[in-house]
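# Starting from these lines, generate the structure:
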Amino acid sequence: MAEHNDLGKKGEAMAEQYLSGKGFFILHKNWRHSYYEIDIIATRGNLLHFIEIKTRRSVAGGHPEDAVTKKKFRRLLNAADEFLFQHPQYRHVQYDILAITLHKNREDEFFLLEDVFL
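The predicted structure is shown next:
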């Protein structure tokens, strides 16, 4: 498996643990429909959260959240529309980005951007 795929898998596992600790209940990981994918679908309170995870080893090339472009966000919206079509019981939704920066000599950094719309 390519190194960036390994990093993505590690980030998603870290994200699940982080989000669970923040009161999120994880419903789905890597939910797919056609060629769309949502990294994490979770609930917290009365909100359904569609969460995009971005992980980087450093910020030298930019912060992880900067990698979520309008095109990538549009794909997240399309996937979320399909999920909501299949699960019409959810009324209140939110789109979030969890940026994770891994550091060698200090604690890893988590930055949750909530209620994002690009």
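
# what residue is smack in the middle of this structure?
Centroid-nearest residue in the chain: Glu52, 2.2 Å away (criterion: C-alpha atoms, centre = their mean).

# Regarding that residue, which helix or strand does it belong to?
If you go by DSSP states H and E, Glu52 is part of strand 47-56.

# Grab the longest helix from this protein for me.
Identified as the longest helix of the chain according to DSSP state H is helix 3-21.

# so it versus strand 47-56, what angle?
Helix 3-21 and strand 47-56 are oriented at 140 degrees to each other (axes from the mean of the first three to the mean of the last three C-alpha atoms, to 10 degrees).

# returning to that earlier point: verify the stated contact: the residue nearest to the centre of the chain with Asp39.
Yes - here Glu52 lies in contact with Asp39, judged by C-beta atoms under 8 Å, at a distance of 5.6 Å. The C-beta positions use only the backbone N, C-alpha and C, and glycine is treated the same way.

# ok, residues contacting stretch 50-61?
For stretch 50-61, contacts defined as C-beta atoms under 8 Å, 6 or more residues apart in numbering pick out 7-8, 10-12, 14-15, 19, 38-42, 62-65, 67-68, 72-73, 76, 79-80, 83, 93-103.

# Once you drop chain neighbours, what's closest to the residue nearest to the centre of the chain?
Closest residue in space to Glu52, ignoring its immediate chain neighbours: Ile97 at 5.0 Å, by C-beta to C-beta, 6 or more residues apart in numbering.

# how many neighbours does that neighbour have?
Look at Ile97: counted by other C-beta atoms under 10 Å, it has 23 neighbours.

# Look up which residues are beta-bridged to it.
Note on Ile97: beta-bridge partners Glu52, Leu113, judged by DSSP bridges.

# got the contact list for it?
Ile51, Glu52, Ile53, Lys54, Glu65, Val68, Leu112, Leu113, Val116.

# Which of the residues you listed sits closest to Gln89?
Closest approach to Gln89 among the contacts of Ile97 (C-beta to C-beta): Ile51, at 19.0 Å.
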